[in-house]
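# quick check, what structure comes out for this input:
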Amino acid sequence: MRMLSLVVAIVLGWAGLGQAAPLDVKHVCAHAKWVAHLDVDAVRDSAVVKKAYDECMKKHPEAAKAFDVAKVMIGMDLRKDLHGITAYGPQICKPVGIVIVQADMDQKGLEDKAKLGPDYMLTTYGNFKLHSWTHKKGDKQMHATGAFFSPKVLVFGGSVEQVKGALDVLSGKNPNLGGKPSALVADIPAGATFVHRAIDLSANTKCPVLKQAESFQAAMGENKGQSFYQARIVMKTGEAAENAKAAIDGFKGLAALSTALEPDTAKLVSAL
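From the prediction side, this is the model:
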């Protein structure tokens, strides 16, 4: 989740692979322990999102200008050019990993803006150009590297070596998740807009629930006009599974009490 938030910050700061953008596990490193994907094309097709967007434009017509400004800053029109974002990493609960952006982008414009970033450095890797800079937000700063795999596919990482490895996966030189039995490659529900999966959860986490878990899968989206959210967590033992279920039931009970005066919210909680 933090990697998805990270790519938004990086793209704004930097202000085979088709146009449709569902999750493709062949783009993910074989050693990944978690993967998350946002299918922006599917989001646009959502009846709920379309209705919300239309209502927003009616109430705030000036919002269209904000999209026009963003287009100039980041080299793409978020209303139609952004197709999908995939993030993956080798460790659970660590803000380390790769982000792949699929979009219709102004490649030269983005590369020119990258050159203006603090501590800018250019590294060549075969036919690829890797642009590195320091991304600053308030008192915090982090190193970032970006490279175009193709005019419509942009790869981000925290280091030059990470991005090189990701480019090799996309090029077929490094192994990917395709064909590897794992919770990371399970079937994706039709109409899913967001997918988040993780394995080996007990490593690198202090959460007592995750310490007893083997894998986690979640998906949300819309299919045939019906919104859905699905989640599956596999525990190490039956006792751990029962305890996790009890905790979830307890959460639902507390949520139902707190939303007693809000029928719509209570209905949503009861459907979990």
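# how many other residues sit next to the spatially closest residue to Arg232 that is not a sequence neighbour?
For Arg232, ignoring the flanking residues on the chain, the nearest one in space by Cβ to Cβ, 6 or more residues apart in numbering is Gln217 at 4.6 Å. From N, CA and C alone the C-beta is placed, and that goes for glycine too. By other Cβ atoms under 10 Å, the residues close to Gln217 number 18.
# next: Ala192.
21.
# for whatever helix or strand the residue nearest to Arg232 lives in, buried residues please.
Using DSSP states H and E, Gln217 sits within strand 213-223. For strand 213-223, a neighbour-count test (16 or more other Cβ atoms under 10 Å) marks Ala213, Glu214, Ser215, Phe216, Gln217, Ala218, Ala219, Met220, Gly221, Glu222 as buried.
# present those residues as TSV; the columns should include distance to Val195.
Converted to TSV, those look like this (distance: Cβ to Cβ, whole Å):
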residue	distance to Val195
Ala213	18
Glu214	18
Ser215	14
Phe216	11
Gln217	8
Ala218	7
Ala219	5
Met220	8
Gly221	9
Glu222	14
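# which residue ranges of the stretch 101-250 of the chain form strands?
Listed in chain order, the strands of the stretch 101-250 of the chain (DSSP state E, counting those that start in this stretch) span 121-125, 128-137, 140-150, 153-157, 192-199, 213-223, 226-235.
# which one, of those strands, ends up nearest to Trp34?
Closest approach to Trp34 among these is made by strand 192-199 (4.0 Å; Cβ to Cβ).
# between strand 213-223 and the closest one, find me the angle.
If you take axes from the mean of the first three to the mean of the last three Cα atoms, to 10 degrees, strand 192-199 sits at 180 degrees to strand 213-223.
# what sits up against strand 192-199?
Contact with strand 192-199 is made by 1, 22-23, 33-39, 42-43, 46, 92, 182-184, 186, 188, 214-222, as judged by Cβ atoms under 8 Å, 6 or more residues apart in numbering.
# and that strand, what's its mean pLDDT?
When pLDDT is averaged over strand 192-199, the result is 93.
# can you check stretch 235-247 too?
On average, stretch 235-247 scores 88.
# number the residues from 43 up from this point.
Sounds good: first residue 43 from here, last item stretch 277-289.
# returning to that earlier point: with only the CA atoms kept, save the strand holding Gln259 in CSV.
What follows is strand 255-265, C-alpha atoms only, in CSV (Å, rounded to 0.1, in the frame of the first residue of the first chain):
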residue,chain,number,x,y,z
ALA,A,255,-0.5,-16.1,8.8
GLU,A,256,0.9,-17.6,5.6
SER,A,257,-0.7,-15.6,2.9
PHE,A,258,-3.2,-12.8,2.2
GLN,A,259,-5.3,-11.9,-0.8
ALA,A,260,-7.7,-9.0,-1.3
ALA,A,261,-9.6,-7.7,-4.3
MET,A,262,-12.2,-5.0,-4.8
GLY,A,263,-14.1,-3.8,-7.8
GLU,A,264,-17.4,-3.9,-9.7
ASN,A,265,-18.9,-6.7,-11.8
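# now it against strand 268-277, angle please.
Computed by the same axes, to 10 degrees, the angle between strand 255-265 and strand 268-277 is 170 degrees.
# mind listing the strands strand 255-265 pairs with, and their directions?
Paired strands of strand 255-265, with direction, are strand 234-241 (antiparallel), strand 268-277 (antiparallel) (DSSP bridges).
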